[in-house]
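Student: Need coordinates for the following:
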Amino acid sequence: MFGLEPHVLLLLIACLVAACAFEFVNGFHDTANAVATVIYTNTLRPWVAVVWSAFWNFIGVLTGGIAVAMGVVYLLPVESLVDQNVYHGIAMVGALIMAAIIWNVGTWYYGIPASSSHALIGSILGVGIAYSFLPDSNNAAVNWGKAGETGIALLVGPLFGFSLTIVMMFLLKRFVKNKSIFKEPHKRKPPPLWIRLILIATCTLVSYFHGSNDGQKGVGLMMLILIGIVPTYFALDHSKNPLDMRDSLVKVEQVMQKVNVNELGTKDRESVANIKVQTNSLDSIFAGKTHVSQLPQNARFEIRKAILLLNDQAKKIQSSDKVSLSTNDRDTLKGGLDTMKGFTDYAPWEVLVAVSVSLGLGTMIGWQRIVKTIGERIGKEHLTYAQGASSELVAAAMIGASTSYGLPSSTTHVLSSAIAGSMVANRGIKNLNPQMVRNIALAWVLTLPVTVALAGGLFLLFRAILPS
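Tutor: Below is the predicted model:
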């Protein structure tokens, strides 16, 4: 399969199974947050709730696009993504998967709502930083621009979740006359029908947006595996003809010819020269080709490499204040690059289905520990109907907004913060359970450094013991 040696094929299968295991763990670790309120308030029976949530997670992955997935992929330096050595790819994906799973399972075991998003992103950053220590890395570490956007999204989400839930609880108390929604759920009786429908709706929204955001991280992870271990086969979207990008390539070349290199500094000149190298490389690959069958399989990887390096250098030119291009030329350049990136930024339907099924199955197992934490341990009082509905509505809105901007979001941290905000709205800051809040905060603080160190160490170990 894919022309791989038997032992490499086994390693590929092992990595893909591990990626599915990560999404499975993500399902019972993170999605418990989505079903916590409907289970705790007796709105739905537990198995009905988790099956319902699993279904909407599945739909979320299939329809959520791949913007977040590609954001995860491009946290790594471009140089590590255009390395054709299969064993280097195995070292990379093996290290980050193992680190993320170890942390996820450990925090789940102790019932602490830690973030699978943080675990995966920390693992990717760890691999990127460790990569910079290698002699052939050219000091490339992490795409810090993308890492900064990701960090801000993960930080802002919980803060907004906490604040907006307080506001929503205030509005509910002000305008809802039926005070039954502010009471502790009866242990055996379901809530009134109208409250029940609201809670089911908010659970559905959180489940869907969790799938569209967290599921995309799994898609990104799977693509890292496939591109890292089988680069020639998965380098480009097989549903598209690479020869169709020639018009976009011509547009990019025409715009770059208008750049006056005499006005530029040393670094910008280097970027322009590198862009020319990559466009010439693509021109030579496409020269004389009239049908896709004339392209050698290895040419697909070379095309991918050229596109990624071209886009990386073009971003530097676009952001330089020394480059004098008209608005129309900048739009033409961006449009051409975006079209070309459409050939590299993709995910096969098989990957989407594998991640969807893994996430959905994981949702149906192991939810009890996190549900109890969400319902009883964040605050000093049990969760009320109003708190559950307002927390999940805010969480769904925050996760949906992050997905629309192609940014990862932590379902766990957003919802936990929203629950905490609802507790504060009810009876003030003293209503929070300090020990559990400390545990959640500690997990939040430790996740990145622990997974960075763990993934980085595993990566260097694997690079040392695997063939170079």
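
Student: Give me the residue at the spatial middle of the protein.
Tutor: K217 (3.2 Å; CA atoms, centre = their mean).

Student: Need the per-residue pLDDT for that residue.
Tutor: pLDDT, K217: 81.

Student: give me every residue that touches it.
Tutor: 26, 68-69, 72, 116-117, 120, 408 (CB atoms under 8 Å, 6 or more residues apart in numbering). (Glycine included, C-beta is placed from N, CA and C.)

Student: Put together CSV for these, with secondary structure on each row.
Tutor: As requested, those are exported to CSV (DSSP: H, G, I helix; E, B strand; the rest coil):
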residue, secondary structure
N26, helix
V68, helix
A69, helix
V72, helix
S116, helix
S117, helix
L120, helix
P408, coil
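
Student: which SS class is T43?
Tutor: Strictly by three-state DSSP, T43 counts as coil.

Student: mind listing what it touches?
Tutor: Contacts of T43 (CB under 8 Å, 6+ apart): 37, 49, 190-191, 195-196, 199-200, 203.

Student: Most neighbours among those, which one is it?
Tutor: T37 (32 neighbours; other CB atoms under 10 Å).

Student: isn't it right up against A386?
Tutor: No: checked against CB atoms under 8 Å, the pair T37 and A386 is beyond contact range at 10.5 Å.

Student: remind me, longest helix of the protein?
Tutor: For the chain, the helix that runs over the most residues, judged by DSSP state H, is helix 193-229.

Student: so who does W194 touch?
Tutor: With CB under 8 Å, 6+ apart, W194 has no contacts at all.

Student: how about 10 Å then?
Tutor: Residues near W194 by CB atoms under 10 Å, 6 or more residues apart in numbering: 178, 180-181.

Student: cool, R196 as well?
Tutor: With CB under 10 Å, 6+ apart, R196 has these contacts: 38, 41-44, 190, 385.

Student: need the helices for the stretch 351-468 of the chain, in chain order.
Tutor: 368-372, 385-404, 411-427, 434-465 (DSSP state H, counting those that start in this stretch).

Student: Compile those helices into JSON lines and extend it with columns for mean pLDDT and distance to N298.
Tutor: Below are the helices of the stretch 351-468 of the chain laid out as JSON lines (pLDDT from 0 to 100; distance: least, CB to CB, whole Å):
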{"stretch": "helix 368-372", "mean pLDDT": "58", "distance to N298": "47"}
{"stretch": "helix 385-404", "mean pLDDT": "85", "distance to N298": "35"}
{"stretch": "helix 411-427", "mean pLDDT": "79", "distance to N298": "40"}
{"stretch": "helix 434-465", "mean pLDDT": "82", "distance to N298": "24"}
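
Student: Tell me which of these lies nearest to G288.
Tutor: helix 434-465 (39.2 Å; CB to CB).

Student: any low-confidence regions in the stretch 251-400 of the chain?
Tutor: 366-382 (pLDDT under 70).

Student: Give me the next element, helix or strand, following the helix or strand hosting L310.
Tutor: Element membership for L310, per DSSP states H and E: helix 297-319. Downstream of helix 297-319, the first helix or strand assigned by DSSP H and E is helix 327-341.

Student: which other residues reach that next one?
Tutor: Counting by CB under 10 Å, 6+ apart, 70, 242, 244-256, 258-259, 282, 303, 306-308, 310-311, 314-315, 317-318, 323, 325-326, 345 sit against helix 327-341.

Student: If we use 6 Å, what do you get?
Tutor: 245, 248, 251-252, 255, 307, 311, 314 (CB atoms under 6 Å, 6 or more residues apart in numbering).

Student: got the CA positions of it in PDB?
Tutor: What follows is helix 327-341, C-alpha atoms only, in PDB (Å, rounded to 0.1, in the frame of the first residue of the first chain):
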ATOM      1  CA  THR A 327      -4.100  47.400  -3.700                       C
ATOM      2  CA  ASN A 328      -5.100  45.600  -6.900                       C
ATOM      3  CA  ASP A 329      -1.700  43.900  -7.200                       C
ATOM      4  CA  ARG A 330      -1.800  42.800  -3.600                       C
ATOM      5  CA  ASP A 331      -5.300  41.300  -4.100                       C
ATOM      6  CA  THR A 332      -4.100  39.500  -7.200                       C
ATOM      7  CA  LEU A 333      -1.100  38.100  -5.300                       C
ATOM      8  CA  LYS A 334      -3.300  37.000  -2.400                       C
ATOM      9  CA  GLY A 335      -5.900  35.400  -4.700                       C
ATOM     10  CA  GLY A 336      -3.200  33.500  -6.700                       C
ATOM     11  CA  LEU A 337      -1.600  32.200  -3.500                       C
ATOM     12  CA  ASP A 338      -4.900  31.200  -2.000                       C
ATOM     13  CA  THR A 339      -5.900  29.300  -5.100                       C
ATOM     14  CA  MET A 340      -2.500  27.400  -5.000                       C
ATOM     15  CA  LYS A 341      -2.900  26.700  -1.300                       C
END
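
Student: distance between it and the chain's centre?
Tutor: 25 Å (CA atoms, centre = their mean, to the nearest Å).

Student: residues of it that come out buried?
Tutor: Judged by neighbour count (16 or more other CB atoms under 10 Å), helix 327-341 contains these buried residues: 329, 332-333, 336-337, 339-341.

Student: Map the structural domains onto the sequence of this structure.
Tutor: 6-233+349-465, 242-344 (the TED database).

Student: Mean neighbour count, those: which tops it?
Tutor: The highest mean neighbour count among the domains of the chain, using mean count of other CB atoms under 10 Å, belongs to domain 6-233+349-465: a mean of 21.

Student: distance between the ends of it?
Tutor: 19 Å (CA to CA, to the nearest Å).

Student: same deal with stretch 286-299?
Tutor: 9 Å.

Student: do the same with stretch 177-189
Tutor: Start-to-end, stretch 177-189 (CA to CA) is 21 Å.

Student: so what's P467 up against?
Tutor: Y87.

Student: Okay, it and M423: tell me how far apart.
Tutor: 55 Å (CB to CB, to the nearest Å).

Student: Kindly report the same for I429.
Tutor: I429 is 9 Å from M423, by CB to CB.

Student: do the same with S293
Tutor: In terms of CB to CB, S293 sits 63 Å off from M423.

Student: returning to what we had before: so for V93, which of the helices of the stretch 351-468 of the chain sits nearest?
Tutor: Of these, nearest to V93 by CB to CB is helix 434-465, at 9.7 Å.

Student: circling back: now the two most distant members of the contacts of T43.
Tutor: Largest pairwise distance in those, by CB to CB, is 15.3 Å, between A49 and I195.

Student: which phi and psi does the closest residue to C203 other than its chain neighbours have?
Tutor: Closest residue to C203 apart from its sequence neighbours, by CB to CB, 6 or more residues apart in numbering: V38 at 4.6 Å. When read as degrees, to the nearest 10, the backbone of V38 gives phi -70, psi -30.

Student: picking up where we left off before, with distance to G126 as extra columns, can I get the helices of the stretch 351-468 of the chain in JSON lines?
Tutor: Putting the helices of the stretch 351-468 of the chain into JSON lines (distance: least, CB to CB, whole Å) gives the following:
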{"stretch": "helix 368-372", "distance to G126": "25"}
{"stretch": "helix 385-404", "distance to G126": "23"}
{"stretch": "helix 411-427", "distance to G126": "20"}
{"stretch": "helix 434-465", "distance to G126": "3"}
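
Student: Nice, that's everything, thank you.
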